[in-house]
Each structure stands twice: as C-alpha cells, then as structure tokens.
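Peer 1: fold the stuff below for me.
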Amino acid sequence: MGPAQTPGESLDNPNKIREHHMSFYHSIARDGTHVFRSAEGKYLLLNGNNGVEVQDSVPAAFQEKGTAISCILGTIQLKLNKYVIIVTKHTITGSVMGKEIAKVDEYKILPLGQHTRKSSEESSYLDLLHLHLNNATLYFSPGNKYDVTNSLQNQYTRRPSYDLRFWWNHYISQDLIENGAEAFVTPVIYGYFKSHSASFNGGQPLEFALLTRRATQRAGTRYLRRGIDEDGNVANFNETEQIFTASNGQIYSFLQTRGSVPVYWSQINNLKYR
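Peer 2: Okay, here's the model as predicted:
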C-alpha cells in the first residue's frame, strides 16, 4: 500500500503526527460529505469535490455525534472513484511500557461523494483491496501513544519520526498529511504483536512482548517475490523485536531481521515436483 522508500527513511516532519485520543466519530452529511470529529473537537471533512478540509467548527448539519470508530487508515483513488478506509473495530492484543497496541478486526471502504461511477473494472479493484485488507494482520497504537513502526533502540537514539519502511498505510495517508489533517492520521504496521505479563520469585511482575513489522518495499507472495531490487530492498523483509520489561523499570529489546537472499534472482514455478 506504499511506494518504495529508501531504507531507514523517516517522515520529514516528526512533529506532524501527534498523540490523539483513542476515538474518532464518523457521520455522513446529506450532501455525502464524510465528517470525522476528534475528541479534541477538531473536524475533518472529506468529499469528492472539495477534498480534505480541517475545521475547528462546522455547520449544524454536520454536527451529529455519529458512530465511534477506531482510526482512519487513509484515502485511496481507484480508477473511477475515491474512497476513505476506516477501522470500525479492533482488539487490544497487549501493551509496551503501559501503552496499548491493537489489531484491526473490521473495516469499511466508503466512497467519497454522493455520486459514484460503477464499472466491472472498478469492482475488480475494490475486490483486490478487500482481499488485501481481509488477509493483512494490521496493528496500531490507539491514540498514537506508541510508535509501532520503530524499534525501541530507534525510539531512544533517533529523533522522533516514523519509519516509512514499516508504515504500511503511509501512501494512503499522504492525502491527509499534505492537507493539514495530521491529527487524524494513525500509522499502521503489517505484522504481529502480542504481550504477556508474568511474575517469578516473590511476585515481581515481568512483561514480555513480541512484535513483527513487515516492510512495505518489495512485499509479495512466497516463490513469486524473490531477491533484491535496484534500491537494495530485499523481498519480504521483516523485523522481529522481543521486548522484556522488568519490575525495576529496565527494558530489554532484542531485534532480528530476515528477508530474501540479497542477490538478483527469481523462481519459475510450475506443477512439477523435483
């Protein structure tokens, strides 16, 4: 869902994406405008004509409370129509240093504007988008409390910034970022996260967490996507981090990486076993 970026590249302005409260509220006005309200009272208006607008207040017709949603994945232009993708349900799968991380459970792809054009090709693109979102295991930090795109070492040693290699919805968030709607952006990773608390020897609490991030560059299915590209990105690069938090506040992180063999090669598949 994102274009190739230079390995290690991060968001140019680290202050653009800030912490926000967990819930947004979504409603659709009579003219087809999608209205999102943050807990801070900011309004995001999306429609097919005026694009992206952020306002401190809106007309009474737009002020319905609406339905609480988890986050906005972004907007995407297909062949004929533009859509907004929202997460409507999530499950908390654990936390790191007391900051919760959630898995995307349910989502909606909603057209922008009252009048949408239909075609078999548009339907095919929508089916492909649904297929990807249904198969992907997407995780985010509610309220952007924790940077899921960066390892703990990067968070402590680098300036605050999101790692574009693992920011899975960065491409479809660009429309919001470029139009001043950073407060409504939530970085999402494709991977896995789970944490578990335990106690040993006198009841001292310990916390274990496992987090895997899949890179956006050169992602694809096994056997069909192999080797390296001209920019040095290997196929299906992943970063797996084990995080251990002790009762005295000490934090330990062990990072492993894996990916395809970093040479130019491919694999031709057929139905013959050898």
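
Peer 1: going forward, measure contacts between C-alpha atoms and count neighbours the same way
Peer 2: Fine.

Peer 1: now the stretch 101-250 of the chain, which segments are flagged as low pLDDT?
Peer 2: Counting by pLDDT under 70, the stretch 101-250 of the chain contains no low-confidence segment.

Peer 1: which stretches of it form strands?
Peer 2: For the stretch 101-250 of the chain, the strands defined by DSSP state E, counting those that start in this stretch occupy 138-140, 189-200, 204-214, 238-245.

Peer 1: mind putting the ones you listed into JSON lines with distance to residue 114 and mean neighbour count?
Peer 2: Shown next, in JSON lines, are these (distance: least, CA to CA, whole Å; neighbours: other CA atoms under 10 Å):
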{"stretch": "strand 138-140", "distance to residue 114": "29", "mean neighbour count": "25"}
{"stretch": "strand 189-200", "distance to residue 114": "31", "mean neighbour count": "17"}
{"stretch": "strand 204-214", "distance to residue 114": "36", "mean neighbour count": "19"}
{"stretch": "strand 238-245", "distance to residue 114": "41", "mean neighbour count": "20"}
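
Peer 1: so which residue is dead centre in the chain?
Peer 2: With distances taken as CA atoms, centre = their mean, residue 188 lies nearest the centre of the chain, 1.7 Å away.

Peer 1: what sits closest to that one if chain neighbours are left out?
Peer 2: Leaving aside its chain neighbours, residue 188 sits nearest to residue 140 (4.8 Å; criterion: CA to CA, 6 or more residues apart in numbering).

Peer 1: now that neighbour: how far from residue 193?
Peer 2: According to CA to CA, to the nearest Å, residue 140 and residue 193 sit 10 Å apart.

Peer 1: please apply the same query to residue 73.
Peer 2: Taken as CA to CA, the span from residue 73 to residue 193 is 18 Å.

Peer 1: got the contact list for the residue nearest to the centre of the chain?
Peer 2: Neighbour list for residue 188: 73, 138, 139, 140, 141, 148, 149, 167, 168, 169 [criterion: CA atoms under 8 Å, 6 or more residues apart in numbering].

Peer 1: tell me the contacts of the fifth one?
Peer 2: For residue 141, the set of contacting residues under the criterion of CA under 8 Å, 6+ apart consists of 99, 100, 101, 102, 147, 148, 186, 188.

Peer 1: who wins on neighbours among these?
Peer 2: residue 188 (27 neighbours; other CA atoms under 10 Å).

Peer 1: and it, how far from residue 165?
Peer 2: Separation of residue 188 from residue 165 (CA to CA): 11 Å.

Peer 1: before we move on, back to that, dump the contacts of residue 141 into CSV; add distance to residue 67 as well.
Peer 2: Shown next, in CSV, are the contacts of residue 141 (distance: CA to CA, whole Å):
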residue, distance to residue 67
99, 24
100, 22
101, 22
102, 19
147, 26
148, 26
186, 18
188, 21
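
Peer 1: which one among those gets closest to residue 42?
Peer 2: Nearest to residue 42 out of the contacts of residue 141 is residue 186 (CA to CA; 15.4 Å).

Peer 1: can you pull the contacts of residue 196?
Peer 2: Taking CA under 8 Å, 6+ apart as the test, what residue 196 contacts is 94, 207, 208, 209.

Peer 1: one more: residue 23?
Peer 2: With CA under 8 Å, 6+ apart, residue 23 has these contacts: 38, 39, 68, 69, 70, 71, 143.
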